[in-house]
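Asker: what's the 3D shape of this:
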Amino acid sequence: DKSRTDLEQVPKIFMKPDFALEDSLTFNAVLPWSHFSTAGGKGNRDAASSKLLQEKLSHYLDIVEVNIAHQISLRSEAFFHAMTSQHELQDYLRKTSQAVKLLREKISKIDKVMCEGSLRVLRLSLTRNNCIKAYNKLKLMATVHQTQPTVQLLLSTSEYVGALDLIATTQEVLQQELQGIHSFRHLGSQLCELEKLIDKMMIAEFSTYARNDLNRPLEDDCQILEEERLVSLVFGLLKQRKLNFYEIYGDEMINTAKNIIKQCVVNTVSQIEEIDTEVVVKLADQMRMMNFPQWFDLLKNIFSKFTIFLKRVKATLNTIRSVVFLVLDKNQKTRDLEDTLQKNSAKESLVDSEVAYLTHEGMFISDAFGDGELPAGAADSASQRNTSPSSEPCSSDSVSEPECTTDSSSSKEHTSSSVTPGGVEMMIGEDMKLTDLELVRLANNIQELLYNASDVCHDRSVKFLMARAKDGFLEKLNSNEFVTLSRLMEGFILDTEQICGRKSMSLRGALQSQANRFVNRFHEERKTKLSLLLDNERWKQAEVPAEFQDLVDSVSDGRISLPEKKPTATEERKPAEFLIVEGQKYATVGTVLLLIRIILEYCQCVDNIPSITTDMLTRLSDLLKYFNSRSCQLVLGAGALQVVGLKTITTKNLALSSRCLQLIVHYIPIIRAHFEARLQPKQFSMLRHFDHITKDYHDHIAEISSKLVAIMDSLFDKLLSKYEVKAPVPSACFRNICKQMAKMHEAIYDLLPEEQTQMLFLRINASYKLHLKRQLAHLSVVNDGGPLNGLVTSDVAFYTGNLQALKGLNNLDLNMAEIWEQKR
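Answerer: Below you'll find the predicted structure:
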């Protein structure tokens with residue numbers, strides 16, 4: 001308790017596990033900076049406080065040291081206890097030494113009585129074993145003598161692996177167990193020649209197998225031809241390290257792909273009566289004489305044949321790869337087994353060395369105790385026990401070391417020959433000298449061969465496609481035909497990707513190239529059509545056929561697609577005066593109706609051929625910009641006067657043009673959403689085209705509105721500049737103005753929505769007030785209630801009444817007080 005009290009005097013900050021003077025907060029807490037201030041007049045006091053701090057820290061140090069010394073004193077008993085235990089341990093060791101001495105004496109007696117006779121028996125047994133080995137060697141020579149006839153017999157049944165195993169085993173036996181035997185001196189070279197012959201036979205047979213496998217009828221359901229024969233051949237080739245055998249299969253694959261197309265063309269041409277094969281000799285020319293349905297069916301047939309061909313190639317190559325992986329797996333297991341055996345042998349040798357060490361120590365201890373009767377035999381037996389058991393038989397008799405390995409080799413030969421021919425285990429012999437790296441590389445090359453097969457099929461298809469496209473045939477296809485062709489090719493590309501597991505780009509590239517040409521032609525056709533329509537457009541309101549209303553209604557449902565034509569229903573329905581879009585009436589011209597249909601064709605084309613989305617977006621943007629600029633030239637720029645022969649551009653033409661632009665603007669967000677759903681996120685920046693187009697259209701609409709106001713502005717300027725304030729009321733000037741306003745209203749009211757009409761007339765009214773105000777100021781007429789003021793007020797009342805009597809303008813706030821100058 002006392003020590004705890006003492007320790008409590010030490011501030012808690014010193015006890016923290018993360019105490020560090022490097023930390024500025026800790027440093028300031030331990031050594032307050034104020035103690036070291038050297039401000040004038042405070043020097044003595046600072047020195048005193050610094051000394052006090054030093055003493056305080058010394059006091060804390062003393063407390064901690066006292067506590068540490070106290071803790072050390074508490075542990076002194078444990079030290080003395082350890083010393084006492086040391087003496088007891090020495091007593092135990094003395095007793096143990098005596099017990100060991102007694103035991104060694106007993107073992108020495110047992111050695112004399114029991115071991116010497118047993119060792120003699122062992123020597124006799126070893127001699128007998130050596131005799132048996134000599135007999136086995138003679139038997140082995142007899143077996144080796146039969147090698148060549150057996151190899152010939154195995155080759156006659158195409159058992160290449162068995163023959164190679166037999167040759168390898170015999171070569172091994174000749175080099176090890178039967179080395180130096182005169183009668184077999186030529187057998188080794190004969191077996192080497194035989195092995196080279198087998199190599200050539202296997203390569204020739206694999207080449208024949210590849211040809212037979214790839215050229216059999218594609219209608220055959222069997223995926224793999226003679227699987228056992230293939231497995232046997234591959235094992236044999238691997239055994240002989242012929243690792244490039246897959247190249248033979250690859251060459252045969254290319255030839256087969258060529259033949260498939262050729263055969264398909266020949267078969268199709270022979271069924272078409274219109275093609276005279278005697279007049280048109282070349283296959284390519286015969287193929288170019290086909291119409292689209294005939295050629296499309298031919299292409300579909302080629303793709304289906306290629307699909308079957310690739311499945312067949314995949315099945316065969318998978319079998320070959322599985323053989324390679326079997327060998328790889330066997331290598332791994334063999335390595336694991338060797339590692340296990342090495343660990344076990346290491347443990348055994350460690351035990352033997354420990355026994356030898358203890359024996360040696362025991363003899364030394366016995367000598368130390370003065371046992372002089374230890375016989376020489378004991379030392380011999382100890383040395384015998386110290387030697388490794390495996391080396392004992394070879395060192396104990398006159399048999400040479402190579403003979404000692406006979407059992408292992410002959411048993412190995414027995415294992416190889418005992419497994420059934422054609423069995424996988426027999427084929428994976430231990431003498432497959434292939435590294436894991438070589439096997440993995442071979443497996444990768446075989447997989448690459450499958451990818452090459454896909455590439456070959458795609459390349460041949462591209463050549464077939466290009467041969468037909470020479471005369472511009474593919475560019476002349478209509479949209480439906482090209483979409484059908486595109487879908488067929490996309491389907492084949494996906495099938496090959498699924499079979500082979502990798503994308504082949506050549507056919508996809510050719511499809512993209514043709515798609516780009518198709519897009520160009522598609523766009524040029526529609527742009528030309530739009531140009532012709534605009535050049536012949538008279539900018540008069542057109543009737544809306546029912547099919548166009550149906551088209552617009554289908555888009556209102558949220559899907560952009562061209563509805564199928566319904567001839568019977570369309571004939572019964574009469575054309576409408578306006579196009580109804582989401583409850584709003586749109587007066588429109590024939591060109592714009594057709595333009596909407598063209599726009600939807602672009603959208604549907606993107607649905608049918610997703611790969612051309614970005615191209616179509618650019619082209620559609622170009623089309624919309626072209627319509628905007630061209631319509632501006634024709635109407636606002638009065639180009640229609642020369643192109644179509646209009647006498648003048650009327651307010652009706654202008655209002656109709658504005659409404660047509662508004663209709664297209666209504667559809668731009670829908671088109672944008674359609675494209676956005678089909679673009680990749682990284683391509684979203686292309687959608688800005690639609691924003692620019694929308695802005696251009698709005699600017700164009702605003703210009704048309706300004707033009708309508710400008711027409712009335714010039715009229716007001718002309719009429720009001722001649723206005724005189726005199727009787728009769730209403731004046732001729734105001735009657736004329738009201739008449740022109742009524743004409744303007746009549747021209748635009750049916751074309752523009754009511755709110756747009758109101759806004760337009762408010763702007764016209766503002767222009768009118770400005771001109772009237774200027775003329776009144778010129779005439780010095782003021783709002784003083786005089787006679788002139790009364791005449792003007794009557795004219796203005798007439799103008800206001802006429803204007804508000806027009807349809808839709810009755811609630812218009814005209815604010816006519818603005819015509820008078822405000823009194824300052």
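
Asker: what about stretch 578-595, average pLDDT?
Answerer: The average pLDDT for stretch 578-595 rounds to 92.

Asker: Dump it to PDB, restricted to CA.
Answerer: Written as PDB, here are the backbone C-alpha positions of stretch 578-595 (Å, rounded to 0.1, in the frame of the first residue of the first chain):
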ATOM      1  CA  PHE A 578     -53.800  17.800 -88.200                       C
ATOM      2  CA  LEU A 579     -51.300  15.400 -86.700                       C
ATOM      3  CA  ILE A 580     -52.200  14.700 -83.100                       C
ATOM      4  CA  VAL A 581     -49.200  14.200 -80.800                       C
ATOM      5  CA  GLU A 582     -49.800  13.700 -77.100                       C
ATOM      6  CA  GLY A 583     -53.100  15.700 -77.300                       C
ATOM      7  CA  GLN A 584     -51.500  18.600 -79.300                       C
ATOM      8  CA  LYS A 585     -52.500  19.500 -82.800                       C
ATOM      9  CA  TYR A 586     -49.600  20.000 -85.300                       C
ATOM     10  CA  ALA A 587     -50.200  21.500 -88.700                       C
ATOM     11  CA  THR A 588     -47.500  20.100 -90.900                       C
ATOM     12  CA  VAL A 589     -46.200  19.700 -94.400                       C
ATOM     13  CA  GLY A 590     -45.700  16.400 -96.300                       C
ATOM     14  CA  THR A 591     -41.900  16.600 -96.100                       C
ATOM     15  CA  VAL A 592     -42.000  16.600 -92.300                       C
ATOM     16  CA  LEU A 593     -44.400  13.600 -92.200                       C
ATOM     17  CA  LEU A 594     -41.900  11.700 -94.300                       C
ATOM     18  CA  LEU A 595     -39.000  13.000 -92.300                       C
END
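
Asker: residues making contact with it?
Answerer: Residues from elsewhere that reach stretch 578-595 (Cβ atoms under 8 Å, 6 or more residues apart in numbering): 529-530, 533-534, 537, 539-542, 544-545, 548-549, 552, 556, 577, 627, 656, 659-660, 662-664, 666, 750-751, 753. Bear in mind the C-beta positions are built from the backbone N, C-alpha and C, glycine included.

Asker: Now list the buried members of those.
Answerer: Burial of those was assessed by neighbour count (16 or more other Cβ atoms under 10 Å); the buried members are 530, 533-534, 537, 539, 541-542, 544-545, 548-549, 552, 627, 656, 659-660, 662-664, 750-751.

Asker: Inside helices: which ones of these?
Answerer: 530, 533-534, 548-549, 552, 627, 656, 659-660, 662-664 (DSSP state H).

Asker: Give me the helices and strands touching the longest helix anywhere in the chain, please.
Answerer: With DSSP H applied, the helix covering the greatest number of residues in the chain is identified as helix 292-368. Under the contact definition 3 or more Cβ pairs under 8 Å, 6 or more residues apart in numbering; DSSP states H and E, helix 292-368 sits against helix 76-110, helix 187-215, helix 227-239, helix 246-271, helix 376-386, helix 436-469, helix 479-500.

Asker: between the ones you listed, which one is nearest to Asp165?
Answerer: With Cβ to Cβ as the criterion, Asp165 lies closest to helix 227-239 of these, at 7.9 Å.

Asker: what residue ranges in the stretch 151-300 of the chain are flagged as low confidence?
Answerer: 158, 220-222, 276-281 (pLDDT under 70).

Asker: Pull up the gap between Glu88 and Ser97, please.
Answerer: In this structure, Glu88 lies at 15 Å from Ser97, with Cβ to Cβ, to the nearest Å as the measure.

Asker: who has more neighbours, these two?
Answerer: Set side by side, Glu88 and Ser97 show more neighbours around Ser97, with 12 against 9, by other Cβ atoms under 10 Å.

Asker: what does the model give that one for pLDDT?
Answerer: Ser97 is assigned 94 on the pLDDT scale.

Asker: okay, now the domains of the protein?
Answerer: By the record's domain assignment, the chain is partitioned as 188-343+434-461, 537-563+574-705, 722-820 (the TED database).

Asker: can you list the ones you listed in CSV and add distance to Thr169?
Answerer: Shown next, in CSV, are the domains of the chain (distance: least, Cβ to Cβ, whole Å):
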stretch, distance to Thr169
domain 188-343+434-461, 10
domain 537-563+574-705, 61
domain 722-820, 100
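
Asker: any chance of the helices and strands packed on helix 292-368 in JSON lines, plus distance to Ile612?
Answerer: Putting these into JSON lines (distance: least, Cβ to Cβ, whole Å) gives the following:
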{"stretch": "helix 76-110", "distance to Ile612": "90"}
{"stretch": "helix 187-215", "distance to Ile612": "36"}
{"stretch": "helix 227-239", "distance to Ile612": "45"}
{"stretch": "helix 246-271", "distance to Ile612": "27"}
{"stretch": "helix 376-386", "distance to Ile612": "87"}
{"stretch": "helix 436-469", "distance to Ile612": "17"}
{"stretch": "helix 479-500", "distance to Ile612": "9"}
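
Asker: and these, which is most packed in?
Answerer: Burial of the helices and strands packed on helix 292-368 is given as mean neighbour count (mean count of other Cβ atoms under 10 Å); helix 227-239 ranks first at a mean of 21.

Asker: can you map out the helices along the stretch 651-800 of the chain?
Answerer: With helices called from DSSP state H, counting those that start in this stretch, the stretch 651-800 of the chain shows them at 651-676, 688-720, 732-749, 754-779, 787-805.

Asker: Let me know which of the ones you listed is tucked in deepest.
Answerer: Per-residue neighbour counts averaged over each of the helices of the stretch 651-800 of the chain give the maximum for helix 651-676, namely a mean of 20 (mean count of other Cβ under 10 Å).
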